[in-house]
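# Okay, predicted coordinates and the sequence, questions at the end:
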Amino acid sequence: MELVGIAGLEINQIREKVNRGWRFLQFEETRSFLVFSQRKYSSHYFIAPNTSHWACARKHVMISALFGWWSIPWGVVGTPMSIIRNLRGGNDTTQQVMTQIEKRIRAQEHPIRVDIRVAQPRFDSTTQRQETCDSDEPLWAQAMAELDNGARRNGLWAKMFAEANGDEPSAKAAYLVQRVAELKKPPPTVVASLRSEGYKVEFDGSRWTVIDPGSSIARFYPSLQDLEQDFPGSLGRPSGA
């Protein structure tokens, strides 16, 4: 069980918030792959009363809308059910979550922070408002924009398309998952250094492209090692320049 939005709270504080109307909500996704469909459930989001659930639900609605239909009959049946349920506020799991927490307290097992994985929230530095939704959402949006705008990684797309046996919806789903995993990784030191100096550095799956700041001059490198050799020490200018 993963709870989002309770980091730093003691059990008495959670009880008090629940008594004041806070609720744990869980959303669902329907994903289909030709001959079968899969329904997955999200983390349990701790949401304040009179607060819109849409910020937490929209990612799950989008995934179902894009990847839920591609199976007959269960994808066609399950997808609208997931979307409608999420739009209506998801599943209220407050009682279920609190029951599990109370059981752990009574059994004097490990502290709650060991037994239940707690996703760390983000805070707005101005309003100190806790954001309880998935911080990976911008990465999913970036990966989706690559597909929508024709800027996808051709090498990665070809691999996903082949592994999906030519099924485009399945290939798109696999591409998004792989791209988000890649975007989460920090860039190599030389790449981060060059980008900080204004260079545009991209990798298309087969080679690195470096475009000088303020110009359209592009250099191509088949490997990261070649790039590091041409920019020793990440000085922002190629060797011999």
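Arrived safely.

# Skipping adjacent residues, who's closest to the residue most central in space within the chain in space?
In the chain, the C-alpha nearest the mean C-alpha coordinate belongs to residue 136, at 3.5 Å (CA atoms, centre = their mean). Nearest residue to residue 136, sequence neighbours excluded (CB to CB, 6 or more residues apart in numbering): residue 180, at 6.5 Å. C-beta here means a position set from N, CA and C on the backbone, and glycine is covered the same way.

# What of residue 212?
Residue 212's closest residue in space is residue 199 (CB to CB, 6+ apart), at 6.6 Å.

# and the one you found, how many neighbours?
By the measure other CB atoms under 10 Å, the count of residues near residue 199 is 17.

# what residues are up against it?
Shown in contact with residue 199 (CB atoms under 8 Å, 6 or more residues apart in numbering): 210, 211, 212, 213, 236.

# Hmm, residue 195 and the second one touching each other?
No. With contacts counted by CB atoms under 8 Å, residue 211 stays clear of residue 195, the gap being 10.9 Å.

# Can you classify residue 105 by secondary structure?
Per DSSP: H, G, I helix; E, B strand; the rest coil, the local secondary structure of residue 105 is helix.

# Scan this structure for its longest helix.
In the chain, ranked by residue count with DSSP state H as the criterion, the top helix is helix 168-184.

# can you give me the mean pLDDT across that one?
Summarised as a single mean, pLDDT over helix 168-184 is 83.

# Which secondary structure elements does it sit against?
strand 23-33, helix 54-67, helix 137-148, helix 154-163 (3 or more CB pairs under 8 Å, 6 or more residues apart in numbering; DSSP states H and E).

# residues in contact with the closest residue in space to residue 53 that isn't next to it in sequence?
Of all residues not flanking residue 53 in the chain, residue 89 sits nearest, at 5.2 Å (CB to CB, 6+ apart). Contact analysis of residue 89 by CB under 8 Å, 6+ apart lists 25, 53, 57.

# Now render those as JSON lines, adding distance to residue 146.
Formatted as JSON lines, these follow (distance: CB to CB, whole Å):
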{"residue": "25", "distance to residue 146": "30"}
{"residue": "53", "distance to residue 146": "28"}
{"residue": "57", "distance to residue 146": "24"}
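
# tell me the domain boundaries of this structure?
2-131, 137-184, 189-234 (automatic domain parsing).

# For the contacts of residue 199, work out which two are farthest apart.
211 and 236 (12.8 Å; CB to CB).

# Quick one: low-confidence residue ranges for this protein.
Scanning the chain for pLDDT under 70 picks out the ranges 107-135, 204-206, 232-241.

# What separation do you get for the residue nearest to residue 53 and residue 28?
12 Å (CB to CB, to the nearest Å).

# and the helix or strand where residue 101 lies, what other elements does it pack with?
Taking DSSP states H and E as the criterion, residue 101 maps to helix 94-106. The helices and strands touching helix 94-106, judged by 3+ CB pairs under 8 Å, 6+ apart, are helix 11-19, strand 23-33, helix 112-115.

# quick check: angle from the second one to helix 94-106?
By that I understand strand 23-33. Interaxial angle, strand 23-33 versus helix 94-106 (axes from the mean of the first three to the mean of the last three CA atoms, to 10 degrees): 110 degrees.

# The very next helix or strand once past strand 23-33: which residues count as buried?
As assigned by DSSP H and E, the chain's next helix or strand after strand 23-33 is strand 36-47. Neighbour-count burial for strand 36-47, counted by 16 or more other CB atoms under 10 Å, picks out 37, 42, 43, 44, 45, 46, 47.

# Nearest to residue 165 among those residues?
Using CB to CB, residue 37 comes nearest to residue 165 of these, at 17.7 Å.
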